[in-house]
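K.L.:
Sequence and computational prediction follow.
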Amino acid sequence: MGAAMSEETSENPAATSGADVPPDHLSVNPRSPFFDAQKLQRGIGIRFKDRVRTDVEEYSISEGWVRVQAGKTVDRKGQPLTIKLTGPVEAWYEDLGENPPVAKKG
């Protein structure tokens, strides 16, 4: 077998058109249609009303809201109860370093 090609040679970085920013709507809940494990793995920073939040379960930039867990309360299926807060939302990938491009409503 003289095949020297290996699938592990992904030397060329992904060429992105436009800014590398998170999607408009994303959720950490695997049951949500807006769940995306690959994007979440990169680490996503969220700024809501000019404050960085680390407790966001789901967000929508275009609709201007975030969902955060409401204390330790769970629903009858054992899922954390969340509350929806409205206001300006900004999101960015934390793996892009100090000054990443930010997705925000325009």
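P.N.:
Okay, I see it.
K.L.:
List phi and psi for Gly78.
P.N.:
phi 80, psi 10 (degrees, to the nearest 10).
K.L.:
what number of residues lie near it?
P.N.:
A count of neighbours around Gly78, defined by other C-beta atoms under 10 Å, yields 6. Every residue, glycine included, has its C-beta placed from N, CA and C.
K.L.:
any idea how far Arg31 is from it?
P.N.:
Gly78 sits at a distance of 12 Å from Arg31 (criterion: C-beta to C-beta, to the nearest Å).
K.L.:
what's the answer for Glu98, then?
P.N.:
Distance from Glu98 to Arg31, by C-beta to C-beta: 34 Å.
K.L.:
how close does Leu40 get to Glu94?
P.N.:
11 Å.
K.L.:
Which of Glu98 and Arg31 has more residues huddled nearby?
P.N.:
Arg31 (8 against 4).
K.L.:
the helices in this structure, which residues?
P.N.:
With helices called from DSSP state H, the chain shows them at 37-41.
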